[in-house]
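J.: here is a sequence together with a model predicted from it:
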Amino acid sequence: LTRESLQNGDWKELEFKEFNLNAQGMPSKFGALHPLLKVRKQVKDIFIQMGYEEMATNNYIESSFWNFDALFQPQQHPARDSHDTFFLRTPSTTKELPEDYVERVKRVHESGGYESRGYGCNWKREEAEKNLLRTHTTAVSSRILYLLAKEAQQPPFAPKKYFSIDRVFRNESVDRTHLAEFHQIEGWICDRGLTLGNLMGVLEDFFKRLGMSKLKFKPAYNPYTEPSMEIFGYHKGFRKWVEIGNSGMFRPEMLRPMGFPEDVEVIAWGLSLERPAMILYEIDNIREMFGHQVDL
Ligand SMILES: COC[C@@H]1[C@H](c2ccc(C#Cc3ccccc3)cc2)[C@@H]2CN(C(=O)Nc3ccc(OC4CC4)cc3)C[C@@H](O)[C@@H](O)CN12
């Protein structure tokens, strides 16, 4: 079949074989974006469209102070044991901490304040100095909120909205849907007079953009948020309610020692990247997303 035979009509005399629509195509030699990266970009675009700034989360290593103590997580909390947390051997401790702030954190843990009773514990600095692989990106949120609180000392107070999507590490047994590390997605708004209603509204807006338009909320507990809510979304495909994240209002015992004025609140929420990626890309074993795959 040539250009000439098509132009002068000779093609009409030629014999053609049946077109085989089931024939294997030529093997493709190009790559493909990993599902996690595609969902990470999808979620990042949602936050940017909603006006959030991205937190710098390029520090996997954190001190127990920022990962736990600044969040009012008690030093006796089981999550702080080595069977749940990866502690570092070298460097095992961080000595540089903001001393005046450390004093206020110690006091709120031991004897409360800001209408809190505290834990009545004997707060140990050496516990707070232990280095670890961060167990949540809320460790980064506490650092950024501390800086915002210092800025809030010089009026006018400016409301802020931040998000992060990055790796976190937990010393947990692995199974079909859990590995010792996962990517946490976290968003929060810091403003005057925020309420739980605002949090519910923000969550409805955020998850609607992820395809979840019917939500319900269940009371929950986190050491650093009060009230706290588990978030459930109705998945049309599965025709059932799916747990899609956790949320709450950061406690006064976390915000006041940082220096925020009384009427400033922070509403926050978190979810993982792996769970939506597995659902959106119909991957039923999390291991299919990691490691060397022949037929990804
Ligand atoms: C150790 O496991 C923690 C992880 C992870 C998680 C849980 C809580 C937080 C948080 C938080 C938080 C709370 C208050 C303030 C700040 C942060 C972050 C990640 C998911 C949170 N979860 C989760 O991601 N589920 C999920 C999320 C989105 C989704 O998308 C649908 C397609 C549209 C589907 C499912 C819920 C469960 O999977 C849960 O069993 C596992 N959770």
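T.: Right, received. Where do you want to start?
J.: stretch 201-214 close to the ligand?
T.: Yes: Stretch 201-214 is in contact with the ligand by Cβ under 6 Å from any ligand atom, via 210-212. The C-beta positions use only the backbone N, C-alpha and C, and glycine is treated the same way.
J.: alpha carbons only: can I get that stretch in CSV?
T.: Extracted in CSV, the C-alpha atoms of stretch 201-214 (Å, rounded to 0.1, in the frame of the first residue of the first chain):
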residue,chain,number,x,y,z
GLY,A,201,-17.2,22.4,57.0
VAL,A,202,-13.5,22.4,56.0
LEU,A,203,-13.5,18.6,56.1
GLU,A,204,-16.6,18.4,53.9
ASP,A,205,-14.9,20.7,51.4
PHE,A,206,-11.6,18.8,51.4
PHE,A,207,-13.0,15.3,51.1
LYS,A,208,-15.6,16.3,48.5
ARG,A,209,-12.6,17.2,46.3
LEU,A,210,-11.4,13.7,46.9
GLY,A,211,-14.7,12.2,45.7
MET,A,212,-16.2,11.7,49.2
SER,A,213,-19.3,13.9,49.5
LYS,A,214,-21.2,12.1,52.4
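J.: how about residues contacting it?
T.: Outside stretch 201-214, the residues that touch it by Cβ atoms under 8 Å, 6 or more residues apart in numbering are 42-43, 46, 49-50, 187, 189, 215, 217, 231, 233-235, 244-245, 247, 267, 269, 276, 280.
J.: most neighbours, which of the residues of stretch 201-214 next to the ligand?
T.: In terms of neighbours by other Cβ atoms under 10 Å, those top out with M212 at 22 neighbours.
J.: who's in contact with A56?
T.: By Cβ under 8 Å, 6+ apart, the contact list for A56 reads V140.
J.: any idea how far it is from A268?
T.: Separation of A56 from A268 (Cβ to Cβ, to the nearest Å) stands at 17 Å.
J.: before we move on, what SS does Y162 have?
T.: Here Y162 is strand, with the state taken from DSSP: H, G, I helix; E, B strand; the rest coil.
J.: that one bridge partners, please.
T.: Y162 has these beta-bridge partners by DSSP bridges: E53, W188.
J.: check W269 too.
T.: Applying DSSP bridges, one finds that W269 bridges with G187, S247.
J.: neighbours around it, how many?
T.: The burial count for W269: 24, using other Cβ under 10 Å.
J.: please begin residue numbering at 51 from this point
T.: With 51 as the first residue, the last one maps to W319.
J.: any idea how far it is from the ligand?
T.: 6 Å (Cβ to the nearest ligand atom, to the nearest Å).
J.: same question for E153.
T.: Distance from E153 to the ligand, by Cβ to the nearest ligand atom: 25 Å.
J.: what strand or helix carries that residue?
T.: Using DSSP states H and E, E153 sits within helix 149-161.
J.: quick check: buried residues in that helix?
T.: By neighbour count with 16 or more other Cβ atoms under 10 Å, helix 149-161 contains the buried residues 151-152, 154-156, 158-159.
J.: stretch 310-326 now?
T.: For stretch 310-326, burial by neighbour count (16+ other Cβ under 10 Å) applies to 310, 314-326.
J.: out of the residues you listed, the closest to E176 would be?
T.: The shortest approach to E176 among the buried residues of stretch 310-326 belongs to F310, at 27.8 Å (Cβ to Cβ).
J.: so that closest one sits right up against L197, yeah?
T.: No: using Cβ atoms under 8 Å, F310 is not in contact with L197; the gap is 11.6 Å.
J.: between those two, which contacts overlap?
T.: Both F310 and L197 lack any common contact, where contact means Cβ under 8 Å, 6+ apart.
J.: list the contacts for the residue in the chain that the ligand sits nearest to?
T.: Proximity of the chain to the ligand (Cβ to the nearest ligand atom) peaks at G320, 2.5 Å away. With contact taken as Cβ under 8 Å, 6+ apart, G320 is in contact with 186-188, 234-237, 295-297.
J.: how much space between the nearest residue to it once chain neighbours are set aside and E54?
T.: Closest residue in space to G320, ignoring its immediate chain neighbours: E236 at 4.5 Å, by Cβ to Cβ, 6 or more residues apart in numbering. Distance, E236 to E54, using Cβ to Cβ: 66 Å.
J.: who's more crowded, these two?
T.: When E236 and E54 are compared for neighbours, E236 comes out ahead with 22 against 9, by other Cβ under 10 Å.
J.: how about that one, what does it touch?
T.: Applying Cβ under 8 Å, 6+ apart, the residues near E236 are 186-188, 191, 213-215, 318-320.
J.: dump these to CSV, plus distance to E222 and pLDDT.
T.: Formatted as CSV, the contacts of E236 follow (distance: Cβ to Cβ, whole Å; pLDDT from 0 to 100):
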residue, distance to E222, pLDDT
H186, 13, 97
T187, 17, 98
T188, 17, 98
S191, 22, 98
F213, 25, 98
S214, 21, 98
I215, 20, 98
A318, 22, 98
W319, 21, 98
G320, 16, 98
